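Engineer: dropping the sequence and predicted coords here.
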Amino acid sequence: MTRTHSAVVLGGTPGGIASAIRAAREGHDTLLLTYNQHLGGMMTGGLSYTDTMMKKPRAPLFTEFRAEVREHYRSEFGVESSDYDACEDGYISEPHVAETIFEALIEGESNLEVRRGYYPTHVERNGRTIKSLTVSSFDDDETLTVEAPVFIEATYEGDLLATAGVSYRLGRESRSEYNEQFAGELYTRTRGDRYYPQEAIGEGVDSTASDKRRGPLDTPTEQQQGKLDLIPHPAGISELYPKSTGVGDNRIQAYSYRLCLTNNPSKRVMPSQPEVYDPDDFQDSLEEVKRVGLRAFLRLRHLPNDKADMNTADLPGENYEYPEGDWETRDEIAARHRSHVLGLLYFLQHDDAVPDDIQAEANEWGLAADEFVDNNYFPFQLYIREARRLDGRYTFTENDARYAPNLDRPPIHHDSIAVAEYPLDSHACKPERQAGSHPEGHFFASQVTRPAHVPYRTVLPKEVDNLLVTVPLSASHVGYGSLRLEPTWLHIGESVGFAAAIALNTGTAPAKISVNQLQQTLAGNEVMLSFFNDHDVTDEEAWAPALQYLGTRGFFESFDAKPTEPLTKNIAAEWARTTVALLVDELDDPTRRARALADLSDSAPVTSGEFANQLESMVDYACTSADVQRVRAEFEFDQDTPLLRGEACRFIYRLLSGS
């Protein structure tokens, strides 16, 4: 059977759901294909926490999702309840609640069809264009061929990439390939006694710490000198052992299942001994439990409704064959991880080697009887933290998430469509350790990670023009650690959905659409392109879209936009030069432009009339004076009133948009 749609999305992950909903809301006939019967990937398959350090609005669908989470716990338990507090403003929910919300969002879209239980088997290409995708059912021999102008890859595995013959990466780069500190083979330990400044993190980035203190920074960067408001990061800071070679390989970070547990006896199902079980597998774990305590070992995090998320039981080294494996191989690896996590819990609850007090504490917890009821209360989604990654038109690396040299922010990308802010993070890649270290490959680089631009080029394959990649997007192993979070994928996914809609509206391949048009559309729809401490995408001021767009063009040297402060003459002159470069399409390097701002000394404020005159005198060869006068007529400019930076941005943005 062959069918035709406007857009086809493969993958029922949050990134795939966001892309599909947005394309459908923009009026396009969209098909979403999923691997199983459940929507939401890890957000409904056991994760429960929408891991993010940024408690700011970032994309409409994520905001909508969070609002529905809040409403559920408000109506179910009341705003004064501990369960409402536990949802943390909609960032935390029980798995079944998240799935119910996703199902309702999908159900509300008349332009969106969902077909469940299909995997890709063939892609028909005509040169740089994917003509059709053929999928097969997991349940029977049914096949379906779908033709569409736009295809979107949103699987954790990157299966559409491989089926389409698109180049991808698998494994770890060497340290030398991208000059990444955390690349390749490495051994780390986590220091919990180090601190870094909230100002450097960003005021809208939540450290989740309440204990502010003052004290020395360890090896502070130039940008951090003198900033003394220090907040401990709950996960500490990764330090590299000297014997870390930095040599690349084909290894990937560990997988696991995230269990949803409860200590409420009325809805608790105690796990039985799995069929494949060897208590010797857990002796090392027992020693760690004795050292740190059960709750810390299981890394239990509180959820509403008497539940907790269990984040342990990784199996580094036992997933290498998963990304390229057939479904039988994948099922065997998933079964091994299932037996391991259930066996660990059973061991702690029953084995004679476990001290009585630890057994008693372990037996307070069991599987939640109202979660995953069609799968014996066990998550349906294996946590695939990393598999294939697109080798695209730009590779997001560790350096894209760190301070740029001599700048108080990471590098600036002119084609940013989203923001990644989670610390560069990898679970272990193999079980070996050095004395006192984590298993090899583990790092959590909170001390260097800052909110970063995600370029549109990272979702574009080199070989085809009508495929967009939301989840296994183009990144190094280290860089992927800051991208591989569900809120970030929701954000990127919605931006990709807008890109698909523009491509369909203009009859243009996604790789060839106007990035300016895409970014202006995103900024106008409250999608974050650039992170700022002092500005939200939902701000009602007219300059809000301008700040987002100009943040990708080198107009700000830090995370502080300062829209309500006067524009100074030195900054005004530099902004005018950058505006002219944009008008004639000669903006060479927005990071270099921002660095030039950082080098400027203070100067007197410029008036609105002076700035307009300055622009008008400079743009004669870039556009007509009438263009400036046309935009100028929309503003109340005079020679006496100091011009606010936000108003200047709005004027420039209006001039650049040309409409």
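Structural biologist: Received, thanks.

Engineer: now Leu295: which helix or strand?
Structural biologist: I think there's a mix-up here, since residue 295 is Arg and not Leu. Under the assignment given by DSSP states H and E, the secondary-structure element containing Arg295 is helix 294-298.

Engineer: dump that helix to CSV, restricted to CA.
Structural biologist: The C-alpha coordinates for helix 294-298 follow below in CSV (Å, rounded to 0.1, in the frame of the first residue of the first chain):
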residue,chain,number,x,y,z
LEU,A,294,20.5,2.9,49.4
ARG,A,295,18.7,6.0,48.3
ALA,A,296,21.8,7.7,47.0
PHE,A,297,22.9,4.5,45.2
LEU,A,298,19.5,4.0,43.5
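
Engineer: can you spell out which helices and strands pack onto it?
Structural biologist: helix 283-292, helix 356-362 (3 or more CB pairs under 8 Å, 6 or more residues apart in numbering; DSSP states H and E). In short, each C-beta sits where N, CA and C put it, glycine included.

Engineer: what residues sit buried inside the last one?
Structural biologist: Right, helix 356-362. Applying a neighbour-count criterion of 16 or more other CB atoms under 10 Å, the buried positions in helix 356-362 are Ile358, Gln359, Glu361, Ala362.

Engineer: before we move on, the earlier item: what does the helix holding Arg295 rub up against?
Structural biologist: Ser285, Glu288, Val289, Met310, Asn311, Thr312, Leu348, Ile358, Glu361, Ala362, Trp365 (CB atoms under 8 Å, 6 or more residues apart in numbering).

Engineer: and the residues you listed, which of them are buried?
Structural biologist: Neighbour-count burial (16+ other CB under 10 Å) applied to those gives Ser285, Val289, Met310, Asn311, Thr312, Leu348, Ile358, Glu361, Ala362, Trp365.

Engineer: farthest pair in those?
Structural biologist: Every pair in the buried ones among the contacts of helix 294-298 was compared (CB to CB); the two farthest apart turn out to be Asn311 and Ile358, at 18.6 Å.

Engineer: residue closest to the middle of this protein?
Structural biologist: Per CA atoms, centre = their mean, the C-alpha nearest to the average position across the chain is that of Thr488, at 2.2 Å.

Engineer: low pLDDT regions in the stretch 551-659 of the chain?
Structural biologist: Judged against pLDDT under 70, the low-scoring parts of the stretch 551-659 of the chain cover residues 619-626, 637, 659.

Engineer: now do the helices in it.
Structural biologist: With DSSP state H, counting those that start in this stretch as the criterion, the stretch 551-659 of the chain has helices at 569-583, 590-598, 608-618, 625-632, 645-657.

Engineer: so of those helices, which one's packed in deepest?
Structural biologist: Between the helices of the stretch 551-659 of the chain, the one whose residues have the most neighbours on average, counting mean count of other CB atoms under 10 Å, is helix 645-657 (a mean of 22).

Engineer: other SSEs contacting that one?
Structural biologist: Applying 3+ CB pairs under 8 Å, 6+ apart, one finds that helix 645-657 makes contact with helix 544-550, helix 569-583, helix 608-618, helix 625-632.

Engineer: let's see it at 7 Å
Structural biologist: On a contact count with 3 or more CB pairs under 7 Å, 6 or more residues apart in numbering; DSSP states H and E, helix 645-657 meets helix 544-550, helix 569-583, helix 625-632.

Engineer: between the longest one and helix 608-618, how many degrees?
Structural biologist: Counting by axes from the mean of the first three to the mean of the last three CA atoms, to 10 degrees, helix 569-583 lies at 40 degrees to helix 608-618.

Engineer: can you redo the buried ones among the contacts of helix 294-298 as JSON lines with pLDDT and distance to Pro423?
Structural biologist: Putting the buried ones among the contacts of helix 294-298 into JSON lines (pLDDT from 0 to 100; distance: CB to CB, whole Å) gives the following:
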{"residue": "Ser285", "pLDDT": "95", "distance to Pro423": "25"}
{"residue": "Val289", "pLDDT": "97", "distance to Pro423": "26"}
{"residue": "Met310", "pLDDT": "95", "distance to Pro423": "21"}
{"residue": "Asn311", "pLDDT": "93", "distance to Pro423": "15"}
{"residue": "Thr312", "pLDDT": "93", "distance to Pro423": "19"}
{"residue": "Leu348", "pLDDT": "98", "distance to Pro423": "29"}
{"residue": "Ile358", "pLDDT": "98", "distance to Pro423": "31"}
{"residue": "Glu361", "pLDDT": "98", "distance to Pro423": "30"}
{"residue": "Ala362", "pLDDT": "98", "distance to Pro423": "30"}
{"residue": "Trp365", "pLDDT": "98", "distance to Pro423": "28"}
